[in-house]
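> Have a look; sequence and predicted model below, questions after that.
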Amino acid sequence: MGEFRQPDSDENPFAPPVAAVAGGLPATVEQRGDRTPFALQAVRFSLYAPVLLTATNLFLRASAGANHPGTKAFAVVSLLTIVAALFLGIVGMVGSLRRRAIWSAFLGLFGTLVNGVIVAGVIGSWTLLLAR
């Protein structure tokens, strides 16, 4: 049978690879050239989605009119996308806290608040309309 051999160096052969920059510090995502973390992508979507959808909805209402079927359909799709952005903002915020990316967590909190206010406003207005 084979005999036990000591490794030639003290390094762990099973250690995960670490990309390093000058000075021996771990590299950031941009320096490594890897993909952006999902938490950061979720936070960005949570921030950008309500702004772009609200602006598009306003321009569509101004050009086609509020009673146009396409405007109503786009409003429903926008609301569903903003609800998805609300959940992705929460996911991104939790993921950023786990990665200790505090700035991303603050952006996720802001995106969650913006989306939450929009969703709460829509639900509140629907409740008032249905209560009449």
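Great, that's in hand. Numbers count the residues shown, from 1 in each chain.
> for Asn67, helix, strand, or coil?
Assigned with DSSP: H, G, I helix; E, B strand; the rest coil, Asn67 falls in the coil class.
> From Leu47, how far out is it?
To Leu47, Asn67 is 31 Å away according to CB to CB, to the nearest Å. All C-beta spots, glycine's among them, are computed from the backbone N, C-alpha and C.
> what about the helices in this protein?
Ranges of helices within the chain are 29-32, 38-64, 69-99, 102-131, based on DSSP state H.
> Would you convert these into TSV that also reports mean pLDDT?
As requested, those are exported to TSV (pLDDT from 0 to 100):
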stretch	mean pLDDT
helix 29-32	51
helix 38-64	90
helix 69-99	91
helix 102-131	91
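> can you put those in TSV and add mean neighbour count?
Converted to TSV, those look like this (neighbours: other CB atoms under 10 Å):
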stretch	mean neighbour count
helix 29-32	12
helix 38-64	16
helix 69-99	17
helix 102-131	15
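> from what I can see Leu40 touches Ala101, true?
Yes. Between Leu40 and Ala101 a contact is recorded at 7.2 Å, counting by CB atoms under 8 Å.
> got a list of what the residue nearest the centre of the chain touches?
Compute the mean C-alpha point of the chain, and by CA atoms, centre = their mean the closest residue is Ala42, 1.3 Å away. Contacts for Ala42 (CB atoms under 8 Å, 6 or more residues apart in numbering) come out as 88-89, 91-92, 95, 108.
> how about 7 Å then?
Contacts here follow CB atoms under 7 Å, 6 or more residues apart in numbering; on that basis Ala42 touches 88-89, 91-92, 95.
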